[in-house]
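Engineer: make a model of this:
(chains A and B)
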Amino acid sequence: MTPDRAPTDRGTWRLVARRDFWVRLRERSFLVSTLINVAVISILVLARASNLATAGPSYDLGYVGSSAIASTAARLGADANVRIEIHELPDVAAADAALGDGSVDAVIVGDQLRGLHDVPDPLISLVQGSARDVAVTAILDEHHVSQAERDAANDPNPLALTALDPAPPSRKDNAAVAFIGVLLLYGQLFGYGIWVASGVIEEKASRVVEMLLSAIRAKQLLLGKIVGIGVLGILQLLFISGFALTLAFATGALPFDRTPFGAVGLVIGWFILGFAFYATLFAAAGSLVTRMEELQNVIVPINLTILVSFFISIGAVQDPNGRLQVIASLLPVSSALAMPVRIVLGAAPAWQIALSLALLIGSTILLVPLAARLYSGAVLRTRGRVKIREAWRSAA
Amino acid sequence: MGSPILGEPVLRLIDLHRTFDGVVALDGVSFEVPEGRIVGFVGRNGSGKTTTMRIALGVLQADAGTVLWRDRPVDGVVRRRFGYMPEERGLYPKMRVHEQLVYLARLRGTPKDVARSRATDLLEVLEVVGDPKARMETLSLGNQQRVQLAAALVHRPDVLVLDEPFSGLDPVGVDVLAGVLRSEASERDVPVVFSSHQLELVERLCDEVVLIDRGRVVARGTIAELRAMRARNLWRVHVPSAGDAWWDVVPGVTLAGRDDGAVVLELDGAADPQRLLDLARAEGDVVDFGPVRPTLSELFREVIAE
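Structural biologist: Numbering: from 1, shown residues only, chains lettered A, B, ... in the order given. Have a look, this model is predicted:
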């Protein structure tokens, strides 16, 4: 008969994937989610950049008479990352006027530190310290203490700083990267998972699924859908990450080094693994219902799982080695969100990473045939909601 | 009606059983579809037609029984060469018509360029009105129905299984579809099986009929065979000037009914129609005399009633 036959449906998932990819790409919600992501990332990056630029407070300090205390305060301030600019004022009246018009934050008049309503705390402690310093120096002068003895007593860091388990020096930068990373991962895993579920429902609601299943097996259809939507998710992640990195380097929000690139790689790698896991669940859940309105009901358990994992992972940004965080980074239901945070922060030992990967990949491999069976058992039942048990049996 | 030589049976459904939640849907359904023949699948709602067709297509599993295509079990490879029109119509509402046909053809392994030109041809042959680039949902229901049929044909299938393909079509659409099914069967030797409630259409189009009731095949064969098997030997006689009960003198003849001034008489095996005619002419001018052929719907009702 006709020669145009590809004998098996092997590889037809690519056609399914391509269709799903292009259909979603052209959807308005894709554009909207990209814009929202870009906006959120921009706000986070710019906020951090402006924080860094204005690092440390700065004050204007006036003085009437001797400049000794004021200039010592400025020097102490520089050591403590507080900028103090000193202004000489001719008399008390001028000092009060300067306080009144806000050109100084405080004035040293004789043995007074004078403010308008109040004096900022960092300034108080610096000026008080410098006053003590000046007084002590006067006594040392009186007793003709040698410069070497003075320096030894005045060592600004008399105690050496050590830590039992020192954090990597760049952990603060990495925490910012990890936070943005986990935010992105959460958005993508959740959003694209929902897309898989709604894609399944759409095919069921429009009944086209019976045409599809007469041509190819449920597994091919399921695989194609997950891959197509997942690839779109990866490309969107790449785009958003590229934008975020460019913005962060341009504004100085992050130092230009390997860490942010490594973090992007981690986010994408864990997105692939996490998406494979969650999307399989989303697809099986979607196949149980026929109408979009029922979608929320069946995905509640998956939503909650992802949400709880997200909050634990946010916690991991602060405390990457907390017991809860370590457990969450190993369990397949939450590791895709929790583990990358711990890796970025340098808190996860290799064996934990390996275990987490093995558990996630292994459970996905186990999950796929189970979900495919539920899916193929439920997807042709177009009247009302299908119970899991029914779906399982009718696929037998 | 149909060619005199029967083709080889190529699609064979053997003793199919299926139960849904304790309710028996199929209770040993068997029939076969010969090459190049059109088989009508007739039964009441809920009699098991759709379940049978879904099992034949492999979208549903049978509890027991097999479906053979050219003596081998229908598996994924064979099934991809089937053309199917499900009872629950459905294509992607937002996908463009032509693009959709190409996609479905490619899912079944048709190369892209072949699929494209075939989709274009089919939209023309089936007289689908509208822009091939229009989204499915913008088409009228009748046109969507035609596109659905195109979707069953676009990969040039080896067999056609169509569930209620004529429902929802206007008379022109019915003729177009009937023409397409005939040419698929006669020109490409494709066996066609379709279900329908429009029995006069089945009678007009089909070489064979399978009657199903409560999950069992209750009768099958050509229309002539069904008639021979089931029908009573009825004759319609119209003699306007005749009195009543003139036929009583012929042994084995009884009155079966009256029809617009004429009488319908049932003859048993021994009775001779020629004797009856002689008698009728003796009564006056015979306006009408001939055997009554039961329609398929009459046969159907009769079979179901048992």
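Engineer: which residues are in contact with the longest helix seen in chain B?
Structural biologist: For chain B, the helix with the greatest residue count under DSSP state H is helix B:171-188. Applying C-beta atoms under 8 Å, 6 or more residues apart in numbering or on different chains, the contact partners of helix B:171-188 are A:1, B:3, B:36-38, B:125-127, B:142, B:145-146, B:149, B:153, B:156, B:160, B:162, B:165-166, B:169, B:190-192, B:194, B:198, B:201, B:204-205. Any C-beta I mention is one placed from the backbone N, CA and C, and that applies to glycine too.
Engineer: give me the buried entries from those residues.
Structural biologist: B:36-38, B:125-126, B:145-146, B:149, B:153, B:156, B:160, B:162, B:165-166, B:169, B:190-192, B:194, B:198, B:201, B:205 (16 or more other C-beta atoms under 10 Å in any protein chain shown).
Engineer: among those, which are in reach of chain A?
Structural biologist: The residues of the buried ones among the contacts of helix B:171-188 that also fall near chain A, by C-beta under 8 Å from any C-beta of the partner chain, are B:R156.
Engineer: residue boundaries of the strands in chain A?
Structural biologist: Ranges of strands within chain A are A:58-64, A:83-88, A:106-109, A:112-114, based on DSSP state E.
Engineer: list the strands paired with the third one, with their directions.
Structural biologist: With DSSP bridges as the criterion, the sheet partners recorded for strand A:106-109 are strand A:58-64 (parallel), strand A:112-114 (antiparallel).
Engineer: from the buried ones among the contacts of helix B:171-188, which ones fall inside strands?
Structural biologist: Using DSSP E, the buried ones among the contacts of helix B:171-188 in strands are B:I38, B:L160, B:L162, B:V192, B:F194.
Engineer: and the two most separated of these?
Structural biologist: Pairwise distances among those were taken by C-beta to C-beta; the largest, 10.1 Å, belongs to B:I38 and B:L162.
Engineer: okay, and the common contacts of those two?
Structural biologist: Counting by C-beta under 8 Å, 6+ apart, the shared contacts of B:I38 and B:L162 are B:L181, B:V192, B:V193, B:F194.
Engineer: could you export stretch B:120-130 as CSV, CA atoms only?
Structural biologist: Extracted C-alpha coordinates of stretch B:120-130, given in CSV (Å, rounded to 0.1, in the frame of the first residue of the first chain):
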residue,chain,number,x,y,z
THR,B,120,-4.7,20.6,1.1
ASP,B,121,-6.3,18.1,-1.2
LEU,B,122,-8.6,16.7,1.5
LEU,B,123,-9.9,20.0,2.5
GLU,B,124,-10.9,20.5,-1.1
VAL,B,125,-12.4,17.1,-1.7
LEU,B,126,-14.4,17.3,1.5
GLU,B,127,-15.5,20.8,0.5
VAL,B,128,-14.5,22.4,3.7
VAL,B,129,-15.6,26.0,3.5
GLY,B,130,-13.2,28.5,5.0
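Engineer: what sits up against that stretch?
Structural biologist: With C-beta under 8 Å, 6+ apart as the test, stretch B:120-130 has contacts from B:97-98, B:101, B:132, B:138-140, B:143, B:146-147, B:149-150, B:153-154, B:172-173, B:176-177, B:180.
Engineer: secondary structure element for the spatially most central residue of chain B?
Structural biologist: Nearest residue to the geometric centre of chain B (C-alpha atoms, centre = their mean): B:G40, 2.1 Å. According to DSSP states H and E, B:G40 maps onto strand B:38-43.
Engineer: pLDDT (mean, whole number) over that strand?
Structural biologist: Taken as a whole, strand B:38-43 has an average pLDDT of 92.
Engineer: partner strands of that strand, with direction?
Structural biologist: With DSSP bridges as the test, strand B:38-43 pairs up with strand B:192-195 (parallel), strand B:208-213 (parallel).
Engineer: of those strands, which stretch is the most buried?
Structural biologist: Highest mean neighbour count among the strands paired with strand B:38-43 (mean count of other C-beta atoms under 10 Å in any protein chain shown): strand B:192-195, with a mean of 26.
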